[in-house]
Structure formats: C-alpha cells, structure tokens
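1. I'd like to go over a predicted model; first the sequence, then the structure.
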Amino acid sequence: MTRPGWRAIAASLVLAMLLIVGPQGAAPAFAVTPDEVLSDPALEARARQLSTGLRCLVCQNQSIDDSNADLAKDLRLLVRERLVAGDTDDEVIDYLVSRYGEFVLLKPRFDWATLALWGTPVAVLLAGIGFAIITMRGRRQATAPTALSPEEEAAIAEVTRSRG
Amino acid sequence: MIVEIGHYALILALSLSLVQSVLPAIGARSGDARLMETGTITATGAFVLLMLSFSALTAAYVTSDFSVLNVFQNSHSLKPMLYKVTGVWGNHEGSMLLWVLILSLFGALVALFGRDLPASLKANVLAVQAWITACFLLFILTTSNPFTRVFPAPMEGQDLNPILQDIGLAIHPPLLYLGYVGFSIAFSFAVAALIDGRIDAAWARWVRPWTLTAWVFLTAGIAMGSYWAYYELGWGGWWFWDPVENASFMPWLSGTALLHSALVMEKRSALKIWTILLAILTFSLSLLGTFLVRSGVLTSVHAFATDPTRGVFILAILCLFIGGSLALFALRASTLEAGGLFAPISREGALVVNNLFLTTATATVLVGTLYPLVLEVLGGAKISVGEPFFNLTFGPLMVPLLFAVPFGPLLAWKRGDLLAAAQRLYFAIGAAMLTILIAVALTSGTRILAALGFGLAVWLMAGALTDLFVRANFAKVGWRTGLARMRGLPRSAFGTVLAHFGLGVTVLGVITASAFQTETVTAMRAGQTVNAGGYEVRYEGAQQRQGPNYEEQVGTFTLRRDGLDAGTIESAKRFYPARQMPTTEAGIHTRWFSQLYISLGDPSPDGASIVVRVWWKPLITLIWIGAIFMAVGGTVSLFDRRLRVGAPARSRKRQLAAGAEA
C-alpha cells in the first residue's frame, strides 16, 4: 500500500473517534414544557442531556425528552429534582435504574448481558477484514505461477530442439 | 358480490401460484420447453387475478361497504375519498394484499421482459418467485383475510388511525413495498442460479436492473417515510431508529452493498459467491422486516397489528425461505467458480471496502433491533436499545465509508493507484479543507465536530463532481471537447455521480440540522412574539375549526423578517372523535433549504396562553433532497444501454432480417 493510503486510513480513524463523542451533544429536546425548566441554565442543560438517554417507559421507543406522556413529565421532573439535590449525572442514572430497571436506559450499559450487542460492530468488521485478507492471499497463492514439472521441461526442450 | 369475486380471485391466484411453483421448475430440470414456458402465463395470470382482488377490496372501501369487517374496522363514511382509497393498505390485511400484489407484479414483469433470459434460468426464477407468492397468499387466506364479512352490517365504520390519514400513506407504503418486495427478484435469481449451479457475469447483468429498481423505490420510500414522520409526529425528528424504520433500513443497507458487489461481478467476474449471498440476505432482511412489522412482536410508533398466530405463520415462512436458501447456498456455493483476481488497491478493492462497512452496519442495526427481544426471550433483563446506541455504533462505521467514497470511482479495475486518485481529487481535498477552516473560524472553534462534518459533506459532493470531470477529461481536452465527451459518457457514470453527490447533500443536511438547530419552548398569549432563525414569530391566537371527520384547534402565527412581512404559519391540534385520538399538525415554513417548524402544546388552564414549540431547522430539507438525488441517480443508471438486456438481441434480429432481404 502506498503512503497516502495509510494517511487516509489514519485520518478517517481519527474522525471516527471524534464522532463517537459527537452526535449526542447536539441532540435537542422537544417535549419539555416551560414550567419544568430549571432556573440554572447549567443544570437545565444537564437535565436535557440526561433526558435524551432515558426511555419513556409507557411509550413506544421515545425518550422522555420527546414524549408528551404524563409519565415522561414525571420522570423529567424527577431528573431535575435529583440534579437540584446535588446528584451527579451518574447518580441520577443509577437512581433511575434502581427504580425502573435497565429498561429505562436507551443506551444499554456495557456488561455481560450486552457484550454481544456492543461487540457486534467490532467483531463483524474484524471478521470481515480477516476473511477478505485470507481469501485474497489464498487466491493469489493458488493462482501464482509455479515451476514447470520435469515432463514440461522435457517437452519444451523437445520443441526447441526440433525447431532449432 | 364484488367482494366475493375479489375473494375468489385471491383463491384462484393461490392455485395458479402453486402450479407455477412446480411446472416451470420440472421443465427446467427435464429440459422441457413447453413446461418452462408455463411460468410466463401463470405469472401474468396471478398478477391479473391479484389486481382484480385488490380492486374489489378498493371498491368496498370506496363505497364504504361496512359489511366487510376490514372496511368496518378501518374506514368511515365521512373520511375524504383519498383516505378511503389509501385506507385499503392502512391496515394489516390490506397491506399484506398490497405486498403480494407487488410480489406478483415483479413476477409478471420478469415473465414479460425476461424474453432474452436463458429459458431454464427464467423458469427457475419464476418458480422461486411463485413459492414466495404461494406462501404469502396462504398466509393471507388463512390468517388475514381482508374479505371476511360481518353480520349484521354496522351502520358506521370505526375510522382509520388518524396518524395515517395523510397524503403520506398514499405514497410511503407502495414505494416501500416496491422497494423491499422488489429485492425478491434478486433473491429468486440467486436461488435459481444455485439450483442451476451455473453463474457468470451475464447473471449479474440480468439481476442488476431489478436490484437497481428495487433500490430506487426503497430509497424514495424511506426518505418519504422520514419526511412524513417529521411533519406528522410533531416533535420534529426525522429518524428515530425505531424498529420499524430499521426494518426497512436494513434491506436498504444490504441492497446498497448488493448493487456495488454486483458491479464487481458484472465487470470483473469476481465476488460471485459473495454477491449471491448478499442477494439472499437482502431479501431475507425484507422478509424479516415484514415479520417484525406484521407480527407486532415489537412495540413501536408504527404498531398497528398485533396477533400472535400471524406472527408464528410469518416466522415459519421466514425460516423456510431464509433457512432453505442458506442451506442451498452452503450446498452449492463451493461448486461456483471463483472469478478474476485484483490487487487490494483497485476499484474492486474499494467496492469490497464498501461492502465491508455496509454489511457491518447492517449487522449492527440488526443486532440492535433484535437484541432486547432475544434477551427477553432468553430470560435475561429487559433492556432498551435506542437512538444513543445507534448513534454511537452506526455513526463511526459510516465515517470511514463516506471518506472512501470519492476514491472508489477514480481507482482503476484490477490494480489502482491511490496516489494518482488523491492527486485527481486535489480540488475536493482543497474544498473540504477550506470548508472546515471557514466553519471553524465562523464558529470561533466551538463546533469542531460540525466543521469536520461539513468538510466530509463537501468532500463527498466535490469528489462526485471530480469523478465526472476526470471521466470527461476536462483538464486535458478543454471545456468544449470536455462537454462533448461528457454527453457521450454512459448513463451509469452519471448515475454514480448523482448518487454519490446526493450522499454528500444528505450528510450536509444531517450535520447542519442537528448541530445548528435552535429551539424555543414557551407559553404564548395572543400578540406575543419569539425570535427564531432570523424570523420574528408573532402568535395571533387560536380558533376552533371543524374538518370532515375531525375537530381542530388552529393557532395562527405571522412571520416577519428584516421588518418585512414573511408569511403566516398555521399549526393545529386535531381530535378525531371516531377513534378518540388527537394528532398534531405541525406548521412549517420553508425558506430555501431551511425550515421554521411550529407545533402546539397544551393550553394553560385558563385558556389565555398556549405552549408553543418553535424550531429553526437549518438546511434540513437537504436530508431528503439528497435522497432524491440518490433515487434519480439510480433511475438514470437504470436507463444505461448495457442494462437494456433486450437491446443487443433486437439489433441482431434486425441485422438478420436485413441480411435476408439482401
């Protein structure tokens, strides 16, 4: 492989790493009503951030930030209550999980039960790369020109002698 | 009477499909031309019968015949005519009938346009297609019959789910079905090739137009569905990673991979086995999608059908076809000859990279969608897998793929030169760098990620254009000759450029709309104003209105921009008494590619003020415009000369005729 190829791969990897922390930060919130908003903008921003990752338990695949359901509102208020009480983000999440179970998290935690879930992208990608490399190597070796057999050498010698 | 004719036609179609499942296949095996030819008639016949059946159901809806259970449950005499017609497929039974109708449509098209296919291949393809049709017809007749009567006939229907009473229902499901049912043809071709044990570059050329057609419809269908969800669900999101969305997205991802690998197979006769496998997997994912949506195993915003017996039936069909075809693949794949060799850095290599990332992305979406379900069945914890998971896994997989896209078309087949390709891309590299620098400067370094995203989008768009300029060789031959040469380029070259350009457009829309959107949530009284996206939005008040089958509360907003009148927005909350369901009708004002989006919340107890959500969504329409570019690119490519399978055959006939005359 030529050099720019590696540079390209390195650059794309860096970009990929950056994106890992990317998309969540910008995610907006929708269903918050004015009476829920905290007066401290920093706390409110944290509340919104947390809300996007928490499931509205009675809804179909909506975060409590997106949902208009009453339960979602209760959960939003609960998150804000905990934050005002001085909890860290992790403590708020732990509290909600202890109350509602892992089901409340839209991004499941990494543990034994979710190993296959989080491992899939990496495993499939690596398996694919490995398979491609092995196949290509095998194919090239299989079709690489091999030395002539003694019979073939003899036949060529025969032909050249008769021509000469 | 009409309803009974429709029911009877459905049963006849099943019988014809059963005949088609057997006779052509026997013919292909024994080399009997007459038996093989029966496939053409039965496939056409089954389509005509299903069309009749579908028309009969439509007639029952149009005339509001509530003696038909399906019409009673999903229609209402006051419903506008458009929704009476679209209501035919706005429910489980009707949408399955549409599914099979489209399946048989594709079968009939192969029967009619496949005249130049080898007789045995065509016969096998039609037989496989009939297996699928027969299974699903059996499913409809035994578990989901849309023609069941109810006695005594009710006076009034229960109306259609209000969320579905929208022009979107007229377009979205038919497009989506044309897409993912269309992949059945690629599947039938793959299975037929495995039965035949013979496969070559010509096979890829025959399959390509069908795959491309399905892909174009699926692209358009998904984009349409996304826009529909965006304006109808009223919270302004355009993609939710909802299981039902994923169900259509997975065949799209693997179908995109299939399009690219079939290209390698056609041009270089390589990746044959892989292409066959992808064709099988793509349609398997379509079947899986049908199962997920139709069985109701998932809870999601699209949930409209729940009945376990149906689920088990579709699951059986699913296992039969996926298991059967994969078993056949395992048995026969080794007999297929491997094709041409290529270096890692080559057009083929680039297409392998494409396949690698698209397949991994498909697997990620698949596992993410099914994991909570499987874990629960296995007795594990109840977990949720939602948007944050997919953003975290799918996003990083797409970045290297998107980065590699402009290189692909510039690399030569067999052995490419990455450095030379990079040199040709100097304009795209420069444009992307400049974009990043300007974006960083304008946001004073606070939005580095968004700036990189802009760079990626510009890189994709400029890269696509570079491909066009390099092919026409503008640099060497000058503008005049270059333009002439550009006209002479094959349509498929334009197709690639348009589709890859569209990808960049979509990325630009996604990045801008998610990074620079503004949101205001506030309680407003009549006369108050808020500012969003350079507009001054003034709330004028709300009034009550009566629609044909709903009541609505409409809020009116006037817009001013730079002190000038800039139009009005109406945003409403509707209530459908028949179903006792509310819906939100977002008010949207479009300026160039950006939109101002207003949705109404609840009024205050005293009724003096109302909660209003105002979003400014910059460049958001580019998300869908990019998808339109992709679909148009696919269509342009479809009209490439080399894909018109009939063209060479016809000209040969003409030559023969000319020869005979002389």
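-> Nice, I can see it.

2. the residue of the stretch 251-400 of chain B found nearest chain A: neighbour count?
-> Here the stretch 251-400 of chain B gets closest to chain A at one residue, residue B:386, 3.1 Å apart by C-beta to the nearest C-beta. The way it works is simple: take the backbone N, C-alpha and C, and place the C-beta from them, glycine included. Per other C-beta atoms under 10 Å in any protein chain shown, the neighbour tally for residue B:386 reads 24.

3. got it, and residue B:115?
-> Counted with other C-beta under 10 Å, residues neighbouring residue B:115 total 12.

4. and the gap between the spatially closest residue to residue B:401 that is not a sequence neighbour and residue A:132?
-> Distances taken as C-beta to C-beta, 6 or more residues apart in numbering or on different chains place residue B:357 nearest to residue B:401, at 3.9 Å, with adjacent residues excluded. Separation of residue B:357 from residue A:132 (C-beta to C-beta, to the nearest Å): 12 Å.

5. just the element for the residue nearest to residue B:401, please.
-> helix B:347-377 (DSSP states H and E).

6. for the residue of the stretch 251-400 of chain B closest to chain A, grab phi and psi.
-> Backbone geometry at residue B:386, expressed as degrees, to the nearest 10, gives phi -130, psi -160.

7. and the closest residue to it other than its chain neighbours, what does it touch?
-> In this structure, residue B:386 finds its nearest non-sequential neighbour in residue A:106, 3.1 Å apart by C-beta to C-beta, 6+ apart. For residue A:106, the contact set (C-beta atoms under 8 Å, 6 or more residues apart in numbering or on different chains) comprises A:52-55, A:63, B:384-389.

8. so what's the residue most central in space within chain B scoring on pLDDT?
-> Central residue of chain B (C-alpha atoms, centre = their mean): residue B:218, 2.2 Å from the mean position. pLDDT, residue B:218: 97.

9. angles on the backbone of residue 62, please.
-> By default, I'm working from chain A. Backbone torsions of residue A:62, given as degrees, to the nearest 10, read phi -120, psi 150.

10. that one contacts residue A:72, correct?
-> Yes: taking C-beta atoms under 8 Å as the definition, residue A:62 is a contact partner of residue A:72 at 7.5 Å.

11. what touches both of the two?
-> residue A:56.

12. mind jotting down where the strands sit in chain B?
-> Using DSSP state E, the strands of chain B run over B:518-525, B:529-532, B:535-546, B:551-561, B:564-576, B:581-585, B:587-591, B:594-603, B:609-617.

13. what helices and strands are in contact with the fifth one?
-> The contact analysis (3 or more C-beta pairs under 8 Å, 6 or more residues apart in numbering or on different chains; DSSP states H and E) places strand B:564-576 against strand B:535-546, strand B:551-561, strand B:581-585, strand B:587-591, strand B:594-603.

14. quick one: work out the angle between the longest helix anywhere in chain A and helix B:347-377.
-> In chain A, with assignment by DSSP state H, the single longest helix is helix A:115-143. Counting by axes from the mean of the first three to the mean of the last three C-alpha atoms, to 10 degrees, helix A:115-143 lies at 150 degrees to helix B:347-377.

15. anything in helix A:115-143 near chain B?
-> Yes: shown here: helix A:115-143 in contact with chain B (C-beta under 8 Å from any C-beta of the partner chain) through A:116-118, A:120-121, A:124-125, A:128-129, A:132, A:136, A:139-140, A:143.

16. just the buried residues of that helix, please?
-> The neighbour-count check on helix A:115-143 (16 or more other C-beta atoms under 10 Å in any protein chain shown) flags A:117-118, A:120-121, A:124-125, A:128, A:132, A:136, A:139 as buried.

17. now stretch A:93-108
-> Under the neighbour-count criterion of 16+ other C-beta under 10 Å, stretch A:93-108 has A:93, A:96, A:102-108 buried.

18. just for the chain, where's the confidence low?
-> Since you didn't name a chain, this refers to chain A. The model of chain A has pLDDT under 70 over residues A:1-31, A:140-146, A:163-164.

19. hmm, I had chain B in mind actually
-> Low-confidence segments of chain B, defined by pLDDT under 70: B:298-307, B:338, B:642-662.

20. all helices of the stretch 1-150 of chain B, in order?
-> For the stretch 1-150 of chain B, the helices defined by DSSP state H, counting those that start in this stretch cover B:2-30, B:33-62, B:69-74, B:81-86, B:92-113, B:119-143.

21. next: chain A.
-> Applying DSSP H to chain A gives helices spanning A:3-20, A:23-26, A:41-51, A:70-84, A:89-100, A:115-143, A:150-163.

22. ok, for the residue in the stretch 551-662 of chain B that chain A sits nearest to, nearest residue in space, not its chain neighbours?
-> The stretch 551-662 of chain B approaches chain A most closely through residue B:611 (5.5 Å), counting by C-beta to the nearest C-beta. In space, and not counting its chain neighbours, residue B:611 is closest to residue B:601: 3.1 Å by C-beta to C-beta, 6+ apart.

23. what about that neighbour, neighbour count?
-> Using other C-beta under 10 Å, the number of residues around residue B:601 comes to 21.

24. also residue B:297?
-> Each residue near residue B:297 was counted by other C-beta under 10 Å, and the total is 17.

25. that one against residue B:311, yeah?
-> Yes: with contacts counted by C-beta under 8 Å, residue B:297 reaches residue B:311, the gap being 5.9 Å.

26. quickly list what's touching both of those two.
-> Common neighbours of residue B:297 and residue B:311 (C-beta under 8 Å, 6+ apart) are residue B:291.

27. hmm, residue B:615 is touching residue B:537, no?
-> No: the pair residue B:615 / residue B:537 is not scored as a contact, 10.9 Å apart, by C-beta under 8 Å.

28. shared neighbours of these two, anything?
-> B:596, B:598.

29. give me phi/psi at residue B:640?
-> With angles defined as degrees, to the nearest 10, residue B:640 sits at phi -70, psi 140.

30. let me fix that, I meant to ask about residue B:76.
-> phi -150, psi 140.

31. burial count for the nearest residue to it once chain neighbours are set aside?
-> Nearest in space to residue B:76, with sequence neighbours left out and distances taken as C-beta to C-beta, 6+ apart, is residue B:159 at 3.9 Å. The number of residues packed near residue B:159 is 24, by other C-beta under 10 Å.

32. distance check, residue B:159 against residue B:65.
-> Between residue B:159 and residue B:65 the computed distance is 15 Å (C-beta to C-beta).

33. quick one on the thing from earlier: what helices and strands are in contact with the helix holding residue B:357?
-> Secondary-structure packing of helix B:347-377 (3+ C-beta pairs under 8 Å, 6+ apart): helix A:115-143, helix B:243-268, helix B:272-295, helix B:387-404.

34. what is the longest one packed up against?
-> What it means is helix A:115-143. With contacts taken as 3+ C-beta pairs under 8 Å, 6+ apart, helix A:115-143 sits against helix B:347-377, helix B:387-404.

35. residue B:241 is nearest to which of these?
-> Ranking these by proximity to residue B:241 (C-beta to C-beta) places helix B:387-404 first, at 4.4 Å.

36. what angle do helix A:115-143 and the closest one make with each other?
-> Orientation check (the same axes, to 10 degrees): helix B:387-404 against helix A:115-143 gives 20 degrees.

37. can you point out the buried residues in helix B:387-404?
-> Result for helix B:387-404 [16+ other C-beta under 10 Å]: buried residues B:387-394, B:396-404.

38. again with stretch B:7-27
-> B:7, B:9-10, B:12-14, B:16-21, B:23-25, B:27.

39. with stretch B:152-159 instead?
-> By 16+ other C-beta under 10 Å, the buried positions in stretch B:152-159 come out as B:157, B:159.

40. what's the end-to-end length of that stretch?
-> 18 Å (C-alpha to C-alpha, to the nearest Å).

41. how many residues are close by the residue of the stretch 151-300 of chain B found nearest chain A?
-> Closest contact between the stretch 151-300 of chain B and chain A, by C-beta to the nearest C-beta, is at residue B:235 (4.1 Å). Counted with other C-beta under 10 Å, residues neighbouring residue B:235 total 22.
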